[in-house]
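Colleague: build me a model:
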Amino acid sequence: MRYWWVNHKQTARQEIGGGYLWSPKRTTNDRRSQFYDNMSEADPGDFVLSYADARISNIGRVTSSATEGRKPTEFGDTGENWSDAGWRLPIAWTALPRPVEPRQHLSEIGPLLPNKYSPFSLKAKRGNQGAYLAEISEALFRYVLEQAGAERPRRVRQPPRRIRDVAPAQTERTQTTKARIGQGLFRIRIMRFGEDACRITGIDNPRLLVASHIKPWRDCTNTERLDGANGLLLTPHVDRLFDRGLISFENDGALKVSPKVTDEDLDRLGLSGLRSRNVGPFKEAQAHYLNHHRKVVFVSE
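Modeller: Numbering: from 1, shown residues only. The predicted structure is shown next:
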């Protein structure tokens, strides 16, 4: 997981209201900018601090990778010299409990700012001119959240975003296929449901997680295939065990391990003691799918 800071005073209203970030690919002098290149480096699950009007007032979470997109029409005359070719990065935004003014915390944030490509100037006490999306440390990110009275990163809630509860049409099947392998719409819905780390290993790096259906894809209705309650983010080896019915979960979080898996197998997978583990209770909406998994998928003998 990575952490970012965006300076977007001119476009904050449109971007936060629309659930995205947008930047040109190159500067007005047709040069590359690390601050623009960062748009294509941000991954689903990364966090973003929104700095505008001298305050950090919102926090966002990247919901999918950046795609090429033309300058939003809602920008109007803003950035009239910007190229129309740019990056569009989907973000789920939410307001912080109280805004944080970096200029009021210079001695604290100064040592935490990056030495290169910093988003903020200590000397000028404002965002660096020309800086857009900058990578920051987890320490700086956490400090801002503490000052804002916000919860720890994994508990930050993303605002609901309306998504159609219908089966993908012919033109959307590519997106559905990506969702099945851990990307796109299904992954976003799982994260919005509160599952943002592997229940067993605790790993929360999106690059190492697979979006796994609890009730198998083949058994689902169209709506169930896109339901975040029907998914877990698991590391690949845990996903393999779960998908094959070699492990399952009780509603209270107790692990069920198939007799087809030996303790030696678990040891070699780095999952020693799994039979006695409890990963914490699941939500009521997940219980329906877990019941199906235990009855239909789990190999009990």
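Colleague: what's the host helix or strand of residue 146 packed up against?
Modeller: Secondary structure assignment for residue 146, by DSSP states H and E: helix 138-148. In terms of contacts (3 or more CB pairs under 8 Å, 6 or more residues apart in numbering; DSSP states H and E), helix 138-148 is packed against strand 3-7, strand 47-52, strand 55-62, strand 85-100, helix 106-109. Every C-beta, even on glycine, is put in place using the N, C-alpha and C of the backbone.
Colleague: what's the distance between it and the middle of its chain?
Modeller: 18 Å (CA atoms, centre = their mean, to the nearest Å).
Colleague: what's the angle from it to strand 55-62?
Modeller: If you take axes from the mean of the first three to the mean of the last three CA atoms, to 10 degrees, helix 138-148 sits at 120 degrees to strand 55-62.
Colleague: just the C-alpha atoms of helix 138-148, please, in CSV.
Modeller: Taking C-alpha atoms only, helix 138-148 is exported to CSV below (Å, rounded to 0.1, in the frame of the first residue of the first chain):
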residue,chain,number,x,y,z
GLU,A,138,3.0,6.3,5.8
ALA,A,139,4.2,8.3,8.8
LEU,A,140,3.1,11.6,7.3
PHE,A,141,-0.2,10.1,6.3
ARG,A,142,-0.9,8.8,9.8
TYR,A,143,0.2,12.1,11.4
VAL,A,144,-2.4,14.0,9.3
LEU,A,145,-5.1,11.5,10.1
GLU,A,146,-4.3,11.9,13.8
GLN,A,147,-4.6,15.6,13.6
ALA,A,148,-7.9,15.3,11.7
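Colleague: contacts for that helix?
Modeller: In this structure, residues lying in contact with helix 138-148 by CB atoms under 8 Å, 6 or more residues apart in numbering are 3, 5, 47, 49, 56, 59, 96-100, 105, 108-109, 112-113, 151-153.
Colleague: if you set the cut-off to 6 Å instead, what comes out?
Modeller: Contacts to helix 138-148, defined as CB atoms under 6 Å, 6 or more residues apart in numbering, come from residues 3, 49, 56, 96-98, 100, 112.
Colleague: and of the helices and strands packed on helix 138-148, who's closest to residue 212?
Modeller: The closest of the helices and strands packed on helix 138-148 to residue 212 is strand 55-62. By CB to CB, the value is 20.3 Å.
Colleague: run through who's touching the helix or strand following the closest one.
Modeller: Once strand 55-62 ends, the next helix or strand along the chain (criterion: DSSP H and E) is strand 67-70. Strand 67-70 is contacted from outside by 84, 88, using CB under 6 Å, 6+ apart.
Colleague: parallel or antiparallel, list what pairs with strand 67-70.
Modeller: strand 85-100 (antiparallel) (DSSP bridges).
Colleague: can you pull the buried residues of the partner strand?
Modeller: Judged by neighbour count (16 or more other CB atoms under 10 Å), strand 85-100 contains these buried residues: 86-93, 96, 99-100.
Colleague: how far off strand 3-7 does it point, in degrees?
Modeller: 100 degrees.
Colleague: contact partners of strand 85-100?
Modeller: Against strand 85-100 from outside (CB under 6 Å, 6+ apart): 16, 19-25, 39-40, 42, 55-61, 63-64, 66-67, 69, 71, 144, 147-150, 158-159.
Colleague: hey, C-alpha coordinates of it in CSV?
Modeller: Extracted in CSV, the C-alpha atoms of strand 85-100 (Å, rounded to 0.1, in the frame of the first residue of the first chain):
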residue,chain,number,x,y,z
ALA,A,85,-4.7,13.9,-23.2
GLY,A,86,-4.4,12.8,-19.6
TRP,A,87,-4.8,10.3,-16.8
ARG,A,88,-8.0,9.7,-14.9
LEU,A,89,-7.7,7.9,-11.6
PRO,A,90,-10.9,6.8,-9.8
ILE,A,91,-11.0,7.8,-6.2
ALA,A,92,-13.6,7.2,-3.4
TRP,A,93,-13.5,10.4,-1.4
THR,A,94,-14.7,11.2,2.1
ALA,A,95,-14.4,14.3,4.3
LEU,A,96,-12.1,14.3,7.3
PRO,A,97,-13.7,15.0,10.7
ARG,A,98,-11.7,18.3,10.9
PRO,A,99,-9.5,19.9,8.2
VAL,A,100,-5.7,20.1,8.8
